[in-house]
Structures are given as structure tokens and as C-alpha cells.
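Predicted model follows, preceded by the sequence.
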Amino acid sequence: MFKSKKRFSSAIIPVLLGFAISWNCSDNPVQPDAGVNPELSNITVPSVLFNGSSTPQVISVRVSDPQGRGDIRAVTFVLLDQDGSVASGTLSDDGTNGDLLPRDNVYSVLLQGTVAQSDTGLFTLRISAEDKSGNQAKPAEVTLRVRAGGEVPVSMIAQVNLPSSLPVDSLFTWVVEVRLDGTGGNIGMVTMEFFPPSSPTPTLEKTLQDDGSDVDRAAGDGIYSTSIESALFTEFNDYFFRFVVRDVNGDAGRPFVVIVRGRKQFGMAPEFTDVAAPRMVNGTQVNEVLVAATLMDPEGPADLDTVQFRILLADNSEVPNSRQRMLDDGTGGDVIAGDGTFSALLQVPSSGDTVLDYTLSFQARDKAGLQAPPVSRRMIVGFDDSPFISNLIAPRQVVLNPDQSTLIQITLDVRDPQGLGDIVLVQFRSFLPNGQEAGNSPIELFDTGNAQVGDEAAGDGIYSRIVFLPPTGVMLGDFRWLFEARDSSGAVSNIIEHILTVVDQ
């Protein structure tokens, strides 16, 4: 997006660089300081900007930072005529708004000729960059020529016959065909550029033919053709093709971009090796939490396409608009780019009437569409410092054994905003069928890993207990159990009531 002090159309159309010329900032006598400041180079602007044209043109610049790409806070531009600023805005490196390849350190923005209105002549384009510590690159400037009127009409590309995906490490040749829409002036040439993954420059350039020679099927039918080898696809990633039509005067039409995915013919799905999310948070104290997932892909981290999680409620329904993409690019809470650990910052509610019991369901897919087995983690959001109990597992009915004691296994999930170390007591009170409290009540539960009391793992937040009912002397009927947890401050959790029916054989 950009801002203008003069009237212009703000529509943003995702097109890519057409006929343009480039300046390198090494020609600029004012250079950024080495060490910590970002550096600008390779500014690309259109050769001419027509002030009557609404066709967007791309401005781009390469940005380098000693601390890495994730350290860049903003890249901005201002366009000036002799009277001052005409337009200003922000360049991005996310594959949108004219940017060709996301995260390749080339930042771009779309600029329309209408920003200049009736002005003509030489304009100054100034680009700046700043990192997250406030260190600024020395601004780079280039001259942009604005002419009156609109571009000479050029034929547009109507269709390209590229497949959506191709197997890597395969050996065959296929034909690329481009059909034009028949508008515009005399066709000079149709060109194709091939960009491997994350490459800002093409590694292959070809001119397509419509003369019936080689792989072209018929001369003069408006379908331009060439051939390409599948050996160009060597990794499981996205490859970019950019097609441009130019008339006999060299004027270019809007570029046409096709993405082809390199895929494996056979392969194995990725899998989660670790998932990290807080067990419980206090929404009044924490605005967002870090959620992370580590994956293993047999074809390597570059084969991972999408990692996300969705939020489910206690009834297994999905929270609307809860799906969130996780990234491994060193931004948005991610620590190290490309290490196979994907992260996201999850916003949590700041207030509520009741405790929220969420399940985070993690999903991952590779570039061949193979999906990892999903993994889930529960997260409790409370709005005070009290502990929270849930997931009580206990039988609804037991039949007394006249020959030996009857064993009852009980487990209870316990969470605390200050961590499990803040829990000092988990227990339940037992009331007999006649309403009186049992003599051994309350009964404590443990998270010590002691198998004799029925706990499997220490410190996992699952408190357990085995209750023994003797063969004789037990009152028959409905026992009422009330479960609770207490923390070091004396705060009491929610109460879970459970009815146990004891019957005789």
C-alpha cells in the first residue's frame, strides 16, 4: 500500500515486473554503515511511467541486514517531483503486491502512473529501510521519468498450458504453449523466464515461437510455443514461470506468472516429533502465548508446505476463524529460521465468565499433499489465579466382590496458571448414600509417579488414586464425590461432582 498527496486509484493488482530498467545502489556515493545497518541495492523501476495509465508497475529493491532477514522492520519509499512528495508507501517481501518470490530479500510494491496525474518529467524515487532496533539504511535514490498519456496497447496472455506440479528428478521434455487474447498491436516477441525456488533472478530464458517450427503446431494461430526439460525440477518446492509479451516497439504487456510445484512421485508423510503449548494461562495477565511444533520430513524441511493448528472447544466444535498458520522463517515468535520448528503467537481472551477449555489440533502437509498424523494439546484459559481441574476418569458403577477388595482407579487432570509447582493439594470428599461424609474423607490424589497409589508419571498434571472397597461392610447405593484442587495461596479450583453407584452381586 502507498499514500499519495494527489488523487489516484488505490486498487492493488498482483502483477509482476514488466519492461523495466535497474540501478545498483553501488553507484550511489552515499553508502550505509557496515556492521548493523541494513543495506539497499539493485533498485528496479519501470523505464517510463505514463501518467494516464492505471496499469500497475513494480518497484523493487534488495535489502540486506547483518542480523538476517527477520530483523527488517520496514522498507518504505517516497516519490517526489519538484514540488515535493507525490506518493509514499511500504514495500513487502511476502509474494504479494508485485513481489515475485516471498522471503527472498527483494521487497516490492505496485505503483500506478496515475499517481503523477498531469505531471511529466523527472521524478525522484527515494527508498529507506529500518531494522527492529531502529538502525536505518542510508536512503537510496533513483530518477524516474514520467510521460504523458497511456501505454501503447499490448496483447495480453489469455492462457498458459503448464501443469500445476511435476515430479522431481524425472527426465522428459514437455511443450509450453501460450495463447494470446488477440488485442494490441503487432507482436514482437513472447518470452519466458524460469525461476527456481527462492531465486530472485531467472536461471533460464527462452523466446516462444508461432511460426510452425520445432514444437509449435501451427504458424500464425496466436499460440506461442517452446519446450522445457523436467530435469530443471530438482527439489520439492515451488518454481515460477514468468511470461511477457512485447510489441514491435518493445513495449511490454502485463506479465503472466505461473507457479509449478516440484513433487515426489512416491514418498513418506511428515510427522510431528514435538509440540509445545502452555497447559494453562491467565488471560488477564497474558495477551499471547507461543505455540511451537517440530516436524520431521523424510525429504527434508524444504518439503514441508503447510503447518497450522485449529482450536476446538470441549464439545469438539471448532472455534470460528481459529485456524492459524505456523512459520519457520524466524519471525512471529519463531526463533531460528529453517530448523524444522514452526511457531505462531496465539492471542488469548482477556476476560470471560468461565474458564475456557481449548484443544489445539496441529496439522501438517508436505508439497506432495501427504499429511502428518494430527497431534492435539489441551490449553486452559482462566481469568484469575485459581487452579482448574478437568477430565475426571472414574467408574459410574462398581459391583462388590465378596471374596476380595474391589479396586477403583481414579485420574484427574489438574492445571494452574502459575504451574503445577503451585498445586499443594488435590482431593475429593466422599459422602455416603445416607448423606453423611465417609470416615476416610477427604481422600488425596497424587502426581508422584508412585504405581502403588495408581499414578503412572510424576509431574504430568494427571493426579491419580486407587480406592479399595472391602468385600463386606460397604453401604450400597450412590456415593457422592466432590473433587477439588488448592494452590499455595489457598485458592480453590472449580468443583467436579461424581456419583458412584455401589451394588452387590
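Noted; the coordinates are in hand.

What is the subsequent helix or strand relative to the worst-scoring helix or strand of the chain on mean pLDDT?
Taking mean pLDDT, DSSP states H and E as the measure, strand 20-23 is the helix or strand of the chain with the lowest mean score, a mean of 40. Per DSSP states H and E, the first helix or strand lying C-terminal to strand 20-23 is strand 39-46.

who touches Arg73 in this structure?
Glu130, Asp131, Lys132 (C-beta atoms under 8 Å, 6 or more residues apart in numbering). Yep, even glycine has a C-beta here, placed from its N, CA and C like the rest.

The first one: neighbour count?
For Glu130, the tally of surrounding residues (other C-beta atoms under 10 Å) stands at 17.

next one: the second one
Counted with other C-beta under 10 Å, the burial measure for Asp131 works out to 21 neighbours.

partner residues bridging it?
Ile72 (DSSP bridges).

Report the contact partners of it.
Asp131 touches Val36, Asn37, Pro38, Asp65, Gln67, Asp71, Ile72, Arg73, counting by C-beta under 8 Å, 6+ apart.

If we use 6 Å, what do you get?
Shown in contact with Asp131 (C-beta atoms under 6 Å, 6 or more residues apart in numbering): Pro38, Asp65, Asp71, Ile72, Arg73.

same deal with Ala458?
Contacts for Ala458 were tallied using C-beta under 6 Å, 6+ apart; they are Thr448, Gly449.

What are the phi and psi values at it?
Per-residue torsions, Ala458: phi -80, psi 140 (degrees, to the nearest 10).

Strands along the stretch 51-200 of the chain, start to end?
Ranges of strands within the stretch 51-200 of the chain are 56-64, 72-81, 84-91, 106-112, 121-131, 140-147, 157-160, 165-167, 173-180, 187-195, based on DSSP state E, counting those that start in this stretch.

which of the contacts of Arg73 lies closest to Gly473?
Distance to Gly473, by C-beta to C-beta, is smallest for Lys132 among these, at 71.0 Å.

Quick check: pLDDT value at that closest one.
Listed pLDDT for Lys132 reads 90.

try Gly340
Reported pLDDT for Gly340: 89.

Find the nearest non-adjacent residue to it, please.
Take Gly340 and drop its neighbours on the chain: the residue closest to it by C-beta to C-beta, 6 or more residues apart in numbering is Pro301, 4.9 Å away.

Over to the one you found: give its phi and psi.
Per-residue torsions, Pro301: phi -60, psi -30 (degrees, to the nearest 10).

Check what pLDDT Ala129 gets.
pLDDT, Ala129: 94.

list the contacts for the closest residue to Pro278 other than its chain neighbours?
Nearest residue to Pro278 in three dimensions, chain neighbours excluded: Val289, at 5.2 Å (C-beta to C-beta, 6+ apart). By C-beta under 6 Å, 6+ apart, the contact list for Val289 reads Pro278, Val281, Leu346.

Please settle this for me: is Val289 part of a helix?
No - according to DSSP: H, G, I helix; E, B strand; the rest coil, Val289 belongs to no helix; its state is strand.

Look at it and report its pLDDT.
Looking at Val289, its pLDDT is 92.

what's the answer for the one 4 residues further on, then?
At Ala293, the predicted lDDT confidence score is 95.

Same question for Phe194.
pLDDT, Phe194: 94.

mind checking how far the closest residue to it other than its chain neighbours is from Gly477?
Nearest residue to Phe194 in three dimensions, chain neighbours excluded: Leu204, at 3.9 Å (C-beta to C-beta, 6+ apart). Per C-beta to C-beta, to the nearest Å, Leu204 is found 83 Å from Gly477.

repeat for Val355
For Val355, the distance to Gly477 equals 32 Å [C-beta to C-beta].

what's the neighbour count on the closest residue to Gly222 other than its chain neighbours?
Counting by C-beta to C-beta, 6+ apart, Gly222 lies nearest to Leu180, which is 5.1 Å off, once chain neighbours are set aside. By other C-beta under 10 Å, the residues close to Leu180 number 20.

how near is Leu180 to Ile228?
Using C-beta to C-beta, one obtains 19 Å as the distance from Leu180 to Ile228.

same check, this time on Tyr463
Tyr463 is 63 Å from Ile228, where distance means C-beta to C-beta.

More neighbours: those two, which one.
Tyr463 (26 against 19).

just checking, the more buried one touches Asp447?
Yes - taking C-beta atoms under 6 Å as the definition, Tyr463 is a contact partner of Asp447 at 4.8 Å.

Look at Val154 and report its pLDDT.
68.

Same question for Arg217.
At Arg217, the model reports a pLDDT of 88.

Give me the three-state assignment for Val381.
Secondary structure, three-state DSSP: Val381 is strand.

dump the residue contacts of it.
Val281, Gly283, Val348, Leu356 are the contacts of Val381 under C-beta under 6 Å, 6+ apart.

rewinding a little: for the contacts of Asp131, which one is nearest Gly369?
Closest to Gly369 out of the contacts of Asp131 is Ile72 (32.4 Å), distances taken as C-beta to C-beta.

returning to what we had before: save the contacts of Val289 as CSV, and put in secondary structure and neighbour count too.
Formatted as CSV, these follow (DSSP: H, G, I helix; E, B strand; the rest coil; neighbours: other C-beta atoms under 10 Å):
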residue, secondary structure, neighbour count
Pro278, coil, 18
Val281, strand, 23
Leu346, strand, 20
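
in terms of contact, does Met296 touch Ala269 like I think?
No - judged on C-beta under 6 Å, Met296 makes no contact with Ala269 at a distance of 10.3 Å.

intersection of neighbour lists for the two?
With C-beta under 6 Å, 6+ apart, Met296 and Ala269 have no common neighbours.

Could you tell me what pLDDT the model assigned to the residue nearest to Asp460 when sequence neighbours are not counted?
Leaving out its chain neighbours, the residue that sits closest to Asp460 by C-beta to C-beta, 6+ apart is Asp447, at 6.8 Å. On pLDDT, Asp447 comes in at 95.

cool, Gly222 as well?
Confidence at Gly222, expressed as pLDDT, is 87.

returning to what we had before: what bridges to the residue nearest to Gly222?
For Leu180, the beta-bridge partners under DSSP bridges are Ile157.

hang on, isn't it packed against Val160?
No - using C-beta under 6 Å, Leu180 is not in contact with Val160, being 10.7 Å away.

follow-up on the earlier one: tell me the spacing between the residue nearest to Phe194 and Gly70.
Leu204 sits 30 Å away from Gly70, going by C-beta to C-beta.

residue boundaries of the strands in the stretch 401-505 of the chain?
406-415, 423-431, 443-444, 462-469, 477-487, 496-503.

How about residues contacting the third one?
Right, strand 443-444. Contact partners of strand 443-444, identified using C-beta under 6 Å, 6+ apart, comprise Gln427, Phe428.

Give me the sheet partners of that strand and which way each runs.
strand 423-431 (antiparallel).

list the contacts for Pro442?
By C-beta under 6 Å, 6+ apart, the contact set of Pro442 is Gln427, Arg429.

For Val355 and Gly477, indicate the residue with more neighbours.
Between Val355 and Gly477, counting by other C-beta under 10 Å, Val355 is the more crowded of the two (19 against 12).

right, and the more buried one touches Phe388 too?
Yes - using C-beta under 6 Å, Val355 is in contact with Phe388, at 5.3 Å.

Find the residues that touch each one of the two.
Counting by C-beta under 6 Å, 6+ apart, the shared contacts of Val355 and Phe388 are Gly382.

what's the spacing between the residue nearest in space to the middle of the chain and Pro66?
In the chain, the residue lying closest to the centroid (C-alpha atoms, centre = their mean) is Arg325, at 3.3 Å. To Pro66, Arg325 is 28 Å away according to C-beta to C-beta.

on that earlier part again, who's in contact with the residue nearest to the centre of the chain?
Applying C-beta under 6 Å, 6+ apart to Arg325 gives the contacts Gln308.
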